[in-house]
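Participant: Provided below for reference: sequence and predicted model.
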Amino acid sequence: MVGALLLACVLVSACSADCRGALSERASVAIGTNARTEQVDAHGFAIVVDGKGHGRVVGTLLNTELSPHAMTAASIKSEATPVRTAVLADIIRLPPRAPVDLLDAPIVSVPARDLSAGSFVELTLDITDGELVDMLVPVEAQKGPYADVDVVAPTAARHGVPLSMTGPRGTPAGQSARWVGRELLGRAGPVVANRLVSIRRRAR
């Protein structure tokens, strides 16, 4: 895993030594899913559950472009559960070529009543580029390398972010989140998927 993370940073053109070091700091606990697009790298993604019906998305995002982006929404689903919308404490800004550890960012909470450690769920991240990024990620218990992860109950809104920003895709709420992201950061170029990540166009 450490080698994979270091290789990912080396392959990102113009990524600095500081970038490589920041990603390596979490390598020992990055036991989740890795994925890459042309503009965003995702490292060590997982859902940490507390056994009380609450979950939190963890992982590190690296914006490999020169323009800023943001993560505006997220959702999870599995064969046994329908799509569930995550609640973001705030939009997560992704500065150009700088890793953002979700443990140090606004909390991304998910309802996890039916999720059990050892299973896998599909995690969808909404980035301000008009695309969706899907990853199959593990569900991990709040112990071992994740013992110190702060897992909290999802709330309707935190830090002044309206509930509409976390609404389901294809609804006025979801459209509102995309509009806010575009207004804040502007639109970027297309994303190319690799074998670990699926990209599809949002419904307009």
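Facilitator: Received the coordinates, thanks. Numbering: from 1, shown residues only.
Participant: verify the stated contact: residue 73 with residue 88.
Facilitator: Yes: look at residue 73 against residue 88 with Cβ atoms under 8 Å: they come within range, at 6.7 Å. C-betas here are computed from N, CA, C, even on glycine.
Participant: residues in contact with residue 150?
Facilitator: 56, 107 (Cβ atoms under 8 Å, 6 or more residues apart in numbering).
Participant: what distance do you get for it to residue 34?
Facilitator: 23 Å (Cβ to Cβ, to the nearest Å).
Participant: ok, residue 80 next?
Facilitator: For residue 80, the distance to residue 34 - Cβ to Cβ - is 25 Å.
Participant: of those two, which one has the most company?
Facilitator: Taking other Cβ atoms under 10 Å, residue 80 and residue 34 do not tie; residue 34 has more neighbours (20 against 10).
Participant: quick one: that one and residue 60 touch, right?
Facilitator: No: Residue 34 is not in contact with residue 60 according to Cβ under 8 Å; the separation is 9.6 Å.
Participant: residue ranges for the strands of the chain, please.
Facilitator: 33-36, 40-49, 54-63, 69-77, 84-85, 87-88, 92-94, 99-101, 108-111, 120-127, 131-141, 198-201 (DSSP state E).
Participant: quick one: average pLDDT of the first one?
Facilitator: Averaging the model's pLDDT scores along strand 33-36 yields 90.
Participant: that one - contacts with which helices or strands?
Facilitator: Secondary-structure packing of strand 33-36 (3 or more Cβ pairs under 8 Å, 6 or more residues apart in numbering; DSSP states H and E): helix 2-11, strand 40-49, strand 131-141.
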